[in-house]
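> coords below, sequence missing:
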Ligand SMILES: *Cc1c(COP(=O)(O)O)cnc(C)c1O
């Protein structure tokens, strides 16, 4: 058979659920340009290279890569339990918190079950929901680009099995308040799991924002999702975790990809916890940079939602793709969401300056 004939006879039956799965659009690498340094600020990565102590641990661990990792992720789980003041049986790790998110779908949703979350929010949500054969119920953000929790509570039906609360919200930035989440939880049936996705927790400075672990202590139907990808700078190693009630955490461990979290990732995560104060200084610098960028953009006349994360949201509406093209032209790869807005990661100072320049030029075009 020729390649063409083979394609024409491609008759393998695939799950219909796949038709509803939007293809993930990864952040493009910054276009290489001869005249200017390019910056990729489209994936909310940490701009700092690994700390030498973490890199050393990774290099040592790499000499063992002919071996499988510890499948139970024992040392990291115990360390997290100690750091977070919870018991080890409340923790479940995964290949990034997106990996844990997929496990959360697997343990809660049968085909046709509903998952309620705000929109716009994290792009991975509709993908993992659709892949599970579950149904997304997207509740529009309010006028300040915040979660509309009363509307989310109204959207819960007897088919709802899972609610995803992204705080701070990717891509818009605001955090969910502790008091409003408490009111929301009072309206959620006890058999519906509410996931508090805190991927950007360490960048938050809003005193009234919810702390997932506080909520977890009071509500058995809450799970907290955390990651080493953003503040800890380990995006490329794929390690995240959930903290939940032991029964939920145990179910998550059952649904994990066996040996999914590599030994290198497990050791790097522990080494990062060892130097968390050094890493926190970097986070503090990024927060200062975020505040500088937000102030500069406000000065230019932009209305920017309150960002508690390592990115800013420019609500550009119909101008979104034009702005992204102008940024690209200036050597800055941002993340456009067509018709809605642009998300730009707070990165090294020169990249942030570039964003401020591009935004100014765009307003004066
Ligand atoms: C980046 C991000 C994650 C983390 O992804 P990993 O799989 O841990 O790299 C989770 N949730 C949100 C909202 C994010 O933006």
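It's in. Quick caveat: nothing in here was measured; it's all calculated off a predicted structure.

> For the helix or strand bottoming out on mean pLDDT in the chain, list every residue counted as buried.
The helix or strand of the chain with the poorest confidence is helix 3-8; it has a mean of 72 (mean pLDDT, DSSP states H and E). Of all the residues in helix 3-8, not one is buried under the rule 16 or more other C-beta atoms under 10 Å. Quick note: C-beta positions are derived from backbone N, CA and C, even for glycine.

> now swap in stretch 301-317 and tell me
Buried, per 16+ other C-beta under 10 Å, within stretch 301-317: 302, 304, 305, 307, 308, 309, 310, 311, 312, 313, 314, 316.

> Among these, which lie within strands?
Assigned to strands by DSSP state E, the following of the buried residues of stretch 301-317 qualify: 311, 312, 313, 314.

> per-residue confidence for residue 32?
In the predicted model, residue 32 carries a pLDDT score of 68.

> If you could redo that for residue 26, that was the one I meant.
For residue 26, the model assigns a pLDDT of 65.

> what's the offset of the least confident helix or strand of the chain from the middle of its chain?
Averaging C-alpha positions (C-alpha atoms, centre = their mean, to the nearest Å) puts helix 3-8 39 Å from its chain's average.

> coming back round to it: pick the one among the buried residues of stretch 301-317 closest to residue 281.
Set against residue 281, the nearest of these by C-beta to C-beta is residue 310 (14.4 Å).

> circling back to that earlier point, from the ones in strands among the buried residues of stretch 301-317, which single one is nearest residue 238?
Among these, residue 311 lies closest to residue 238 (C-beta to C-beta), at 20.4 Å.

> Mind listing the residues bridging to that closest one?
Beta bridges link residue 311 to residue 345 when assigned by DSSP bridges.

> residues touching it, list them.
Counting by C-beta atoms under 8 Å, 6 or more residues apart in numbering, residue 311 makes contact with 41, 44, 170, 171, 173, 343, 344, 345, 346.

> picking up where we left off before, okay if I get the ones in strands among the buried residues of stretch 301-317 as TSV plus distance to the ligand and pLDDT?
Compiled in TSV, these are given as follows (distance: C-beta to the nearest ligand atom, whole Å; pLDDT from 0 to 100):
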residue	distance to the ligand	pLDDT
311	9	98
312	14	98
313	13	98
314	17	98
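
> Now these in CSV, please, with extra columns for distance to residue 112.
Listed next are those as CSV, based on distance: C-beta to C-beta, whole Å:
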residue, distance to residue 112
311, 34
312, 38
313, 33
314, 37
